[in-house]
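1. Pasting the sequence and the predicted model now:
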Amino acid sequence: MRILSLFLIQLFCSISLYSQTYDTLSICNGDSVFIYNNWQSQNGVYSDGFNFTTLIVNPTPNLTGSFILNGNATQPIPNTYDLTQPIGNQSGSAWNSVTLNLTQPFSFDVDMFFGYNNGGADGIAFLLQQVNTSVGTSGGGLGYQGISPSFCIEFDTWRNSNNSDPYYDHIAVQKNGNLNHSSTNNLLAPVGFPPNNLNIENGQWHNVVFTWDPNMFNFKVYFNGIVVVNYYGDIVSDIFANNPNVYWGFTAATGGANNLQSFRVNSLGIQLTDITICSEDTIQIDPQINSSIYSYLWTPNHNIIDNTVPLPFIFPNTTTNYSFQVTNSYGCSYYDSLTVYVNQQTSTFLDLAVCSSYVWPLNGNTYQAPGIYTNISINTDGCVHTDSLNLTIASGGCIDPLACNYDSLAMCDDGSCIYNSGNPIIISTCNGLSEGGIGVSVSPFVANNNYSFTIDNSSFFNYDDTVSNLSAGFYSFEFFINNISCGIQTVEVTNYSAINYTLNTINETCSGSSDGVAYVNMQGGSTPNGTISNLSYCSSNPNSNFINTPQTIIEGVQLFGDNFSINNNTQLSADFYEDYTASFYADISPNQTYTINVTLGNMGFSAYDPEAVNVYIDFNIDGDFIDPGEDLGVILIPSGTWVTNTIYPFTFTVPGNVSFGPTRMRVVCMSNAGGASINMGPCENPIGFGTPWFGATEDYSLVINNSVACSYLWSNGGLSDSIYGLSTGTYDVSIIDQNGCISNESVFIDTNYNIAVSASQDQIICHSGSASQLTATSNYNGNYSWFPPTSFINPNVQNPVISSNLIATTTFVVTLLDNNGCSAMDSVTVSVNPIPSVTISAIPNPACQNDTIQLIASTSFPLNLFRFQYNEGNGWQNIITTNNGGWGNINPQFFNNITTITQFRVKVREGWGCTVSPWSPNISIPINIINTPLISHN
């Protein structure tokens, strides 16, 4: 409550006698005025010793409230209430018309009258209670006996020994309608009234003030200005269960003895309390003041019926702060305010199509006709909530958008839904080749269904076909059940991961040493140690509110790995989230195909049968299941179609570009008991009553092996990753990986120390001649040796000297041996011309006289100088006489006009003057003489 002073200074009269002044001023109670250098706020006459000013303090409007009267209570005059008359067996109660909020302080100033008769009964009680505004009892109960919960200040004027009353009039604090001062409901023991246990039935009005401080939990009562009750206690918590809103008022009763018992209100020191309403509500505000002698003003004048009345009706549509002003005839005002918080009404609208009838869970009603139906309830803000149901009796069809044969026009599910059960199987290809393929895995497989698929809008392939000879790239895959498309998805035929390797060589040490090596080193390292991933993964489980409900479970998980396998049978075991990563693991390898077999079960009613199952694998080992290929493909099981012991296979090929080491596999099954659609995912963790309601999640460990198995074919016939004993040259190798992909490479083996030596030029000498100096040259340092060593004075020098003249052609070999043990060789040939021999022949032989004889020299080796001679009996003569010695280079030679028996011979030699051959054996050419007979003439 706020009382703002209206500072009014009014000059009623000003009289001046001999310059002396008399003034009269008036202000409102609570205001002050500056008079003769002092602030004054009390009625009186003030003077500076010569002048006089009379100050009148006018009252402000009093808050006296209005009360609801019960029993024998009456209101004989305004603001005064008689609870009982001096008549036996009466009871009366007066409850204030506005509830009190105990989180706010208050101060109630009243006068109380207890009667004229000291032997009268029974007294008056001030009460805070939460029952209603019509309660009250009679007699020794002081009108409040049995009212619970309650907090009471009793003014007891009659001794009831059964309540442990003292013999004098007394005041006490009790709770919950129990008047016994010896009970645990006595909060403050009875005490008498001052002074000296005053008899309060003395025909006098007694001023009583009730105050409450919620911050200190302190309740006080002043009786005729003296504190008679000083109680500390958390009334709201201890008595009213933390609900601060109470009714308050007075009760009184008489029995065999009686008295006139009354109270009147001086002022109620309470504030308007903020309230909360709903939109479209109208409430009446009671400010606890209602007098025709006051004027009233409520602001703002918005959504209010007459803002000039004390108890207006308001209907704000949004939260609004209202201010209240009361002004009396003196022009003094009282101010207060409150905030009206407005909560909104809410509504929902449901469109629903059913085949026949529908039972609305909100109200349990069954509806068989189309129409709009409503259900009214109260929302969490305490306001009206309207649920509307637009019910359609519709045509049947498949209405599940997840189904292959979803009918957008159907309004009612007729059970015909067909769900996608085909998962593409991808076969990768070697880089640059067209060896990829696409097939399909159908699970569950229904024998009567026709399954097919197309690739890039091709003709239909049967479900057990594989489309082959595909290059790497993206393809459109469409799966059909009974010629109904289950949707198109883009799949990728990938290249097998290229094997990582390096080619390494070791050169031959020396030219011709043939100790070179070539080998292939595969890259990638070994599989990281351990079988359990250290990564953190998202939570996955059904709704924990139904954890104790027998429901769908995962009964079995089976995966055969390369060396280790998972085979976990948990039939008839309750399931929620189970971590088997430390108990089971399987090992798998890149580009290899495996199958996970999952068996589901149900430990409860058929309504909780499994409705979906999926498997997720973290192939790239990054702590999630959201990367491409890590979702193996949900298998939907329409409600009511699950068959016990069905095995759901998930066939997958490990990508070639996976990470190596331990990772996680997650198996998830779900069921909503047919009451909500399935939202399958690896990280469902519902709160409140979110889905999935039932199901299980099981985690297992996988180890992805880093296995690189290759074969090799070298150009020299080698079949391992290494070849040895290689000479300088180029070697080819084909590397065939585990997928049959071929990489062709070549290496070159060089020589580490390729030294060279060069011998001097070949020579030709005459028989028994001396060869020129032999020499060797090289850019490399080392030791020289010549062969044959016996031909040299010292064969172990770079330029040796031949020890003797040569009579036969000889080849000399020089060897250079360096510090690395490598050698180089060269040779020089000294050709020795031998002593020639010659024979001679003649044509014709014999000859006729004057014939020309052709002389032919035949030599032991080709020569170029010839000396032919003849002898006719006079000694030997050179046939060639044009140069000294008769030497010429003509062979055969001609001898003209032979006339007599003649001998011939020949010598030969080289043109450069080596040894001349001996004369050839002589030949003799005879002459045939022909005698010509005489011719006679007859």
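-> Structure received.
2. mind listing the helices for this protein?
-> Taking DSSP state H as the test, the helices found in the chain are 235-238.
3. ok, the nearest residue to residue 801 once chain neighbours are set aside - contacts?
-> Once flanking residues are discounted, residue 801 sits nearest to residue 793: 4.8 Å by CB to CB, 6 or more residues apart in numbering. No exception for glycine: its C-beta is placed from N, CA and C like everyone else's. Applying CB atoms under 8 Å, 6 or more residues apart in numbering, we find residue 793 in contact with 800, 801, 802, 803.
4. what separates residue 371 from residue 243, distance-wise?
-> 42 Å (CB to CB, to the nearest Å).
5. what's the answer for residue 716, then?
-> For residue 716, the distance to residue 243 - CB to CB - is 99 Å.
6. do residue 748 as well
-> Taking CB to CB, one finds residue 748 at 96 Å from residue 243.
7. Just the strands from the stretch 201-350 of the chain, written as ranges.
-> 205-213, 218-223, 226-232, 245-253, 261-269, 275-278, 283-284, 295-299, 304-305, 313-314, 320-327, 333-343, 346-354 (DSSP state E, counting those that start in this stretch).
8. Run through the bridge partners of the residue nearest to residue 618 when sequence neighbours are not counted.
-> With CB to CB, 6+ apart as the criterion, residue 618 has its nearest non-adjacent residue at 4.7 Å, and that residue is residue 663. Residue 663 has the following beta-bridge partners by DSSP bridges: residue 702.
9. give the contact list for residue 663.
-> Per CB under 8 Å, 6+ apart, neighbours of residue 663: 533, 617, 618, 619, 621, 701, 702, 703, 704.
10. farthest-separated two in the residues you listed?
-> Farthest pair in the contacts of residue 663 (CB to CB) is 619 and 701. Separation: 13.9 Å.
11. My read is that residue 485 contacts residue 477, right?
-> No: between residue 485 and residue 477 there is no contact under CB atoms under 8 Å: 11.2 Å.
12. Those two - which one has more neighbours?
-> residue 477 (21 against 14; other CB atoms under 10 Å).
13. The more buried one and residue 489 touch, don't they?
-> Yes: here residue 477 reaches residue 489: they are 5.4 Å apart, a contact under CB under 8 Å.
14. and residue 333, how many neighbours?
-> 19.
15. any idea how far it lies from residue 677?
-> From residue 333 to residue 677 the distance is 65 Å (CB to CB).
16. again with residue 401
-> Separation of residue 401 from residue 677 (CB to CB): 8 Å.
17. give me every residue that touches the residue nearest in space to the middle of the chain.
-> Centrality entry for the chain: nearest residue to the mean C-alpha point is residue 624, 6.0 Å, by CA atoms, centre = their mean. Listed by CB under 8 Å, 6+ apart, the contact partners of residue 624 are 537, 538, 618, 630, 682.
18. and with 7 Å instead?
-> By CB atoms under 7 Å, 6 or more residues apart in numbering, residue 624 lies in contact with residue 618.
19. now the one 5 residues further on
-> The contact partners of residue 629, taken as CB under 7 Å, 6+ apart, are 619, 655.
20. hmm, try it at 10 Å
-> By CB atoms under 10 Å, 6 or more residues apart in numbering, the contact set of residue 629 is 426, 492, 494, 617, 619, 620, 652, 653, 654, 655, 657, 658.
21. Then residue 119?
-> For residue 119, the contacting residues are 157, 158, 201, 257, 258, 259, by CB under 10 Å, 6+ apart.
22. Looking at these, which is nearest residue 269?
-> Nearest to residue 269 out of the contacts of residue 119 is residue 157 (CB to CB; 26.9 Å).
23. which stretches of the chain have low pLDDT?
-> Filtered on pLDDT under 70, the chain yields the residue ranges 1-19, 137-140, 270, 523-528, 707-708, 884, 931-938.
24. mind checking how far the closest residue to residue 873 other than its chain neighbours is from residue 846?
-> Among residues not flanking residue 873 along the chain, residue 900 sits closest, at 7.3 Å (CB to CB, 6+ apart). Distance of residue 900 to residue 846, computed by CB to CB: 12 Å.
25. Now do the shared contacts for the two.
-> By the contact definition CB under 10 Å, 6+ apart, residue 900 and residue 846 are jointly contacted by 925, 926, 927.
26. Go through those and say which is closest to residue 211.
-> Nearest to residue 211 among the shared contacts of residue 900 and residue 846, counting by CB to CB, is residue 925 at 181.7 Å.
27. tell me the contacts of the closest one?
-> 842-847, 851, 853, 855, 870, 895, 898, 900-904.
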